[in-house]
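Peer 1: Turn this into a structure:
(one chain, ligands or ions: 1)
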Amino acid sequence: MNILNKLSPQFREFLQEEGIDEEIFLFEQTLRYIRIKPDYQITFEQLQQQVSNQILPIYEIPTLYSLPADEKISNLQLYKDGNLYGIDKSSAAVVYSLDINKNDTNLLEICCAPGAKLTFIADLLRLQTKEDGIQRKVFGVDISQNRLNITQSIVNKYKLEKFVELILEDGTKYKSEILFDKVLIDAECTHEGSIKHLKKYINKPIQEKNTKKQQKNNKASKKQLQKNYTNTYTTEQTKANEWTEEDFNSRFLDQKKLQQIYDLQFSLLENGYRLLKQNGMLIYSTCSFSQKQNEDQIIKFLELNNDAILVNPFYSMNQQQCKSGKIFNTIRFDPKVSNTGGMFIAKIKKL
Ligand SMILES: C[S@@+](CC[C@H](N)C(=O)[O-])C[C@H]1O[C@@H](n2cnc3c(N)ncnc32)[C@H](O)[C@@H]1O
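Peer 2: Modelled structure (predicted):
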């Protein structure tokens, strides 16, 4: 189905202003991805038997595999036992860009919930600790209590409690007594990359788009919003993947809210950088395709911070899968060529 014709003129205007290629909305992701706990002993043949005979390894990221998009994982014993996770390839690449190694003891992820990347980081830290006995930790900051509760239950399920500390806090204000070896800012964004949600919304008949129940939920989530969120526009309802007209318009069509998200992203970046050690590495990622939310933020940041340089985030992924961003040394997973949900990644070194 060509959803381009169904996008409202205002939404297409938003795409144009943000420099977003409309064609990404024509792309239908045919693969999904899973990862196996890094030290779980299983052969590829056993994975074929236990998961799917269509499973394929992603060579650039060890322990990551692709499956046909419609394969369910929640009934798999490996998943129930906490040895298999669902994660998009582009998200796994964000973690891989951190290049976690034995010298990393304290890491920070700002905007960590629900924890797909955080648990991957924790697994890699756990692996290092298993080798040398040195205790390591990833600190995960998020502003949403509900989302942190979900993160905590995932951390518990995968037995990563010793390697994760969750902090309910506004990431633009979070202070710490220690500085971190690596910082990941997986910034809140407009999520127009969440094409599935967008399609769900666009495909809904108009009368279904704002049912009474949803309106009631909107009121409830607004209260929640005032309670939990100081500077972000998203609602708890959206987080349950229930897109409403209100969510859609406030994400994309309200200039004031858009400006809030740009400001939020920049403040998150500034605070994350402040918390980074000298010679440390910071990753800034979003799942938006917007230039204003990605490259423009990085350009502005580099202009204001003389000790920050951009370094290549993830050189082993070939160019067919991820393209260069609009500035050198940044990368974009374009859904059209990478068969992923899409991601922007920039890696900054503090000199
Ligand atoms: C893209 S999601 C993060 C996904 C997560 N990193 C993962 O891999 O599962 C963005 C997150 O940013 C959080 N957020 C929004 N504004 C924030 C703020 N000011 N400080 C901290 N977290 C914030 C949201 O609650 C949401 O969980």
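
Peer 1: Quick check on the closest residue to residue 140 other than its chain neighbours: phi, psi?
Peer 2: Excluding the flanking residues, the one nearest residue 140 by Cβ to Cβ, 6 or more residues apart in numbering is residue 112, at 3.3 Å. Where C-beta positions appear, they are placed from N, C-alpha and C, glycine not excepted. The phi/psi pair for residue 112 (degrees, to the nearest 10) reads phi -90, psi -20.

Peer 1: So which bits of this structure are right by the ligand?
Peer 2: 91, 110-117, 141-144, 147, 170-172, 186, 188, 231-232, 264 (Cβ under 6 Å from any ligand atom).

Peer 1: Counting by contacts, list what the longest strand along the chain packs against.
Peer 2: If you go by DSSP state E, the chain has its longest strand at strand 276-286. Under the contact definition 3 or more Cβ pairs under 8 Å, 6 or more residues apart in numbering; DSSP states H and E, strand 276-286 sits against helix 89-97, strand 180-186, helix 255-274, strand 343-350.

Peer 1: Let's see it as CSV, backbone CA atoms only.
Peer 2: Below are the C-alpha coordinates for strand 276-286, written out as CSV (Å, rounded to 0.1, in the frame of the first residue of the first chain):
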residue,chain,number,x,y,z
LEU,A,276,32.0,12.3,30.3
LYS,A,277,35.6,11.7,31.3
GLN,A,278,38.5,13.2,29.4
ASN,A,279,39.3,10.9,26.4
GLY,A,280,35.9,9.4,26.9
MET,A,281,33.5,8.6,24.1
LEU,A,282,29.9,9.8,23.7
ILE,A,283,27.3,8.4,21.3
TYR,A,284,24.4,10.6,20.3
SER,A,285,21.6,8.6,18.5
THR,A,286,18.0,9.1,17.5
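
Peer 1: For the helix or strand immediately after it in the chain, buried residues please.
Peer 2: Per DSSP states H and E, strand 276-286 leads on to helix 295-304 as the next helix or strand towards the C-terminus. For helix 295-304, burial by neighbour count (16 or more other Cβ atoms under 10 Å) applies to 295-298, 301.

Peer 1: tell me what helix 295-304 is packed against?
Peer 2: Partner elements for helix 295-304 (3+ Cβ pairs under 8 Å, 6+ apart): helix 255-274, strand 308-311, strand 343-350.

Peer 1: With distance to residue 76, mean pLDDT and mean neighbour count added, can I get those in a markdown table?
Peer 2: A markdown table is the format used below for those (distance: least, Cβ to Cβ, whole Å; pLDDT from 0 to 100; neighbours: other Cβ atoms under 10 Å):
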| stretch | distance to residue 76 | mean pLDDT | mean neighbour count |
| --- | --- | --- | --- |
| helix 255-274 | 35 | 95 | 18 |
| strand 308-311 | 37 | 96 | 16 |
| strand 343-350 | 25 | 96 | 24 |
